[in-house]
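>>> give me a 3D structure for the following:
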Amino acid sequence: MPVVRVVVFWHQHQPFYKDLVTGEYRLPWVRLHALKDYYGMVKLLEEFPQIHQTFNLVPSLIAQIEDYVAGTARDPFLELAAKPAKDLTPDERRFALEYLFQANPVHMIGRYPRYQELWERFRGSGDSPDRAERYFQPQDFTDLQVLSQIAWFDEFFLEDGDVAALIKKGRAYSLDDQSFVIAREKELLGKVLPEHARAAKRGSIEISTSPFYHPILPLLCDTDMGRVSTPGLPLPQNRFRRPEDARAQLLRGLDLHERVFGIRPRGVWPSEGSVSEEVLGIASTLGVKWMATDEGVLGRSLGFFFTRDGQGRLGDAAAEKLYTIYRYESGATQMHMLFRDHTLSDLVGFVYSGMPPQEAAAHLIQNIEQAAQPLLAKGKDAVVPIILDGENAWEYYPYSGREFLRRFYDALQKTAGLEAVTVSEAIAHHSDKPRLKSLVPGSWIQANFNVWIGASEDNRSWDYLYHARNFYRQNAAPASETQRQLAFEELMIAEGSDWNWWYGPEHHSANDREFDELYRKHLSNVYQALGASPPEYLAQPIIGAAARPSFVPQTAYIHPRVAGDMVRYFEWIGAAMYTADQRSGAMHGKSFLLDSVYAGIDETSVYGRLDFAGKVPESSFELVVNIESWADGTERPRRALHLEALIEDGTLGSWKISVVDDETPLAVSSQPGNEARLVLGRNFEFKLPLSWLFATPLSSLSAVGKASAPIATRLRLRFSLWQNRLPLDALPLEGWIELELLSEQDLASHAL
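Numbering: from 1, shown residues only. Predicted coordinates for the structure are as follows:
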């Protein structure tokens, strides 16, 4: 009987954050992600002996983990978390407030009530460390220092008795508690690489590698490849062509892997799935047996577009082309190639976090079976590659996604006809390997390199790299061996892909400026290592002003006509507003369908408005609005409403409003004369009575303390768009948009 070989491939990567000249780590993400997911993702497989997977560990990540374990890493973020709160300087206090809240507000901060309390206090000061610092006492800082570290502990580490006891304590942590957490971190970091080695030895996982500092190899070989993938793309002023650097990056990655794990890796995930024929040739000469990239690269290479139906499924011909292993052959170059299923991979990365784990796991299994069905029907085996980032997605899942993974793995090993295998196992057992004679250069993002080249910021960074590389070529010979090694190492770091990930219009993080500064510091170190002064332009930021998600609180009552036919700007003045950030942070592939949401109250009603990113989607979908009323000091909402509206062919169909956990709807579209009003035109708008939420504006701020029962003091709302029972987009993406239940006069004064 034919089988479906499911290749689950996790890519684990962090940029090189260490400044080699000062020895200091400029950002803490290697340490924090190593605490949170790398160990547990592998350890979890002990529970599922039939599940084999591939883990890609980027060499620069491995080197930095080793640095932390050896105790030689100088991490100012760790030093700050370890310093007694009473000894923190004002600058250090502000530094703590700026960086120790950089965690998912729902699943990491919100998991610990005291951490949530401190975060809300910080937000209440406008997310400003300067303004918030005066409201934090030494005990507040100690609690923040402890909880900001525990929030990053792996689920397995949280089960340790002494850690669990610390969590149960909840607050009022001591200096001994603080010291314990810091000491435990080093111990836990030391478990990460050995656990991978043990899993590989027993056959549960295959470990692959990437070029050392994660460069885009085709662009390192020749920046003109950017225009091959995207004709007409603006290119840097200077053509960067260093295939010898590409070879060095790849060779060093293979060598480090062999030193750490005792075996030469068979396969490579090229950084960001970036491939070209020149790159395959280099890898083949180094003994690499397989590489992987995205279906888009395969489609362009075959002249075939992988279109999907409304359920995300490929047609029969497309499925036969994608769900197999190719053998690329050109001259002396031979390479096995896998091409990731973009849709299945993105479901795990972006969609399933918004679903109950059991439903998400069942949906994934069903989709895998349906995807492979065209091949099975012809008696052929299928290979279904699911390849994605193995760290960032889990911040958006409850409990780091472990329940979802457990349910998925359990179903995967129990479902007849499905086999979870490593890449090398799939290659060994898959007999039908069609030949691929040519390959169009591209990456896993739209089968081109536009994220890393083409935008003005990207091109400027390439030109700066070009000049630094030429300076090294012209000035390295007379320098000492130590100087040459340091300068070349800095060049290799600067060749990494991560710097340009944050340049240009596509992505941003809270650390954009730090990434920009660190990139320019690496280039500056090339000149300094060779005894020269860096060019003046390296002192100036490359990154320009960037759009950010914005939240504006309600400042006045609103009384909009709920019509949906046009945006009436003046009717919504004073409403709370949340604008989407359509640059996708550390992960790429998120679909943005919603642009902004507005919400506000008057004396009797709550209003909401949702603006789409572009036109209203043509296909059928559902809009969901969750609204809760809350009283201060309570652990549950006073009342929670669930609004659900069906949109078909751009028209509002049936809708209902229910009290959460109550099967009887509060109002439905077929019920005439109800007090709710919902409309859809160019945007979606609604009006609901505040009484449905057991809420009414307070006549003054002092009224809160005069009631005999808890009085609702605020509302919070969240909008989401669903299709085929899957959540595709939401605003806010994390947390809620909040409204204070105040009189109009108090609302205006409170917002000042």
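
>>> and the gap between Pro215 and Ala283?
13 Å (Cβ to Cβ, to the nearest Å). Quick note: C-beta positions are derived from backbone N, CA and C, even for glycine.

>>> pick out whichever of these two has more residues nearby.
Taking neighbours as other Cβ atoms under 10 Å, Pro215 and Ala283 compare with Pro215 leading, 29 against 26.

>>> so what's the residue lying closest to the more buried one once chain neighbours are set aside up against?
Counting by Cβ to Cβ, 6 or more residues apart in numbering, Glu495 is the residue found nearest to Pro215 once chain neighbours are left out, at 4.3 Å. Applying Cβ atoms under 8 Å, 6 or more residues apart in numbering to Glu495 gives the contacts Tyr213, Pro215, Leu220, Asp245, Gln249, Leu465.

>>> what is the burial count for Thr343?
There are 19 residues near Thr343, going by other Cβ under 10 Å.

>>> that one contacts Arg308, correct?
Yes - using Cβ atoms under 8 Å, Thr343 makes contact with Arg308 at a distance of 6.3 Å.

>>> so where does Ile51 fall, helix or strand?
Under the criterion of DSSP states H and E, Ile51 resides outside all helices and strands.

>>> give me the distance between it and Ser128.
According to Cβ to Cβ, Ile51 stands 47 Å off from Ser128.

>>> and if you look at Pro270?
Here Pro270 is placed at a distance of 42 Å from Ser128 (Cβ to Cβ).

>>> looking at the two, which is more packed in?
More neighbours surround Pro270 than the other of Pro270 and Ser128, with 26 against 13 (other Cβ under 10 Å).

>>> contacting residues around the more buried one?
Ser210, Pro211, Leu217, Val279, Ala283, Met291, Ala292, Thr293.

>>> pipe those residues into TSV and attach pLDDT per row.
Below are the contacts of Pro270 laid out as TSV (pLDDT from 0 to 100):
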residue	pLDDT
Ser210	98
Pro211	98
Leu217	98
Val279	98
Ala283	98
Met291	98
Ala292	98
Thr293	98
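
>>> burial measure for Gln474, as a count.
Counted by other Cβ under 10 Å, the residues lying close to Gln474 total 9.

>>> actually Leu688, not the one I typed
23.

>>> that one pairs with what?
Leu688 has these beta-bridge partners by DSSP bridges: Val606.

>>> ok, it - contacts?
Leu688 touches Ser605, Val606, Ile627, Leu641, Leu643, Ile657, Glu675, Ala676, counting by Cβ under 8 Å, 6+ apart.

>>> now with 10 Å, please.
605-608, 625, 627, 641, 643, 657, 666-667, 674-678 (Cβ atoms under 10 Å, 6 or more residues apart in numbering).

>>> for Phe621, same thing?
Counting by Cβ under 10 Å, 6+ apart, the residues that Phe621 touches are Leu593, Ala645, Leu646, Ile647, Glu648, Leu721, Trp722, Gln723, Asn724, Leu726, Leu728, Asp729.

>>> and the two most separated of those?
Spatial extent of those (Cβ to Cβ) is set by the pair Glu648 and Asp729 at 18.2 Å.

>>> re the thing from before, show me the common contact partners of Thr343 and Arg308, please.
Leu314, Ala371.

>>> burial measure for the closest residue to Leu721 other than its chain neighbours, as a count.
Distances taken as Cβ to Cβ, 6+ apart put Asp729 closest to Leu721, at 4.9 Å, once the chain neighbours are dropped. Neighbours of Asp729 under the rule other Cβ under 10 Å: 23.

>>> ramachandran angles for Asp729?
phi -160, psi 160 (degrees, to the nearest 10).

>>> residues contacting it?
With contact set as Cβ under 10 Å, 6+ apart, Asp729 has these partners: 350-351, 354, 580, 590-595, 612-613, 621, 719-723.

>>> wait, doesn't Tyr173 sit right on Leu166?
Yes - using Cβ atoms under 10 Å, Tyr173 is in contact with Leu166, at 7.6 Å.

>>> quick one: common contacting residues for these two?
Each of Val146, Leu147, Ile150, Phe180, Val181 lies in contact with both Tyr173 and Leu166 under the rule Cβ under 10 Å, 6+ apart.

>>> how much space between the nearest residue to Gly226 once chain neighbours are set aside and Asp463?
Computed as Cβ to Cβ, 6+ apart, the closest residue to Gly226 that is not its neighbour in sequence is Ile453, at 4.1 Å. Distance, Ile453 to Asp463, using Cβ to Cβ: 11 Å.

>>> tell me the domain ranges of this protein?
Residue ranges for the domains of the chain, per automatic domain parsing: 4-17+200-436, 69-192, 456-539, 550-750.

>>> against Leu217, how distant is the residue nearest to Pro215?
10 Å.

>>> where does Lys43 land in three-state SS?
At Lys43 the chain is in helix, as set by DSSP: H, G, I helix; E, B strand; the rest coil.

>>> can you count the residues close to it?
Using other Cβ under 10 Å, the number of residues around Lys43 comes to 19.

>>> contacting residues for Ile601?
554, 557-558, 575-576, 607, 690, 693, 695-697, 715, 739-742, 744, 747.

>>> and what of Leu690?
Applying Cβ under 10 Å, 6+ apart, we find Leu690 in contact with Ile601, Asp602, Glu603, Thr604, Ser605, Val606, Ser629, Thr696, Pro697, Ala712, Leu715, Leu741.

>>> for Trp572, see how far away it is.
Applying Cβ to Cβ, the value for Leu690 to Trp572 is 18 Å.

>>> wait, Leu610 touches Leu678, no?
No - Leu610 is beyond contact range of Leu678, at 11.0 Å (criterion: Cβ under 10 Å).

>>> shared neighbours, these two?
Common contacts of Leu610 and Leu678, defined by Cβ under 10 Å, 6+ apart, comprise Gly564, Leu623, Val625, Phe684, Glu685, Phe686.

>>> re earlier: of the contacts of Glu495, which belong to helices?
Members of the contacts of Glu495 lying in helices (criterion: DSSP state H): Leu220, Asp245, Gln249, Leu465.

>>> now the second one. Nearest residue, chain neighbours left out?
In space, Asp245 comes closest to Leu220 once its chain neighbours are excluded; the distance is 5.6 Å by Cβ to Cβ, 6+ apart.

>>> hmm, the one you found is touching Gly226, no?
No - applying Cβ under 10 Å, one finds Leu220 not in contact with Gly226, separated by 11.7 Å.
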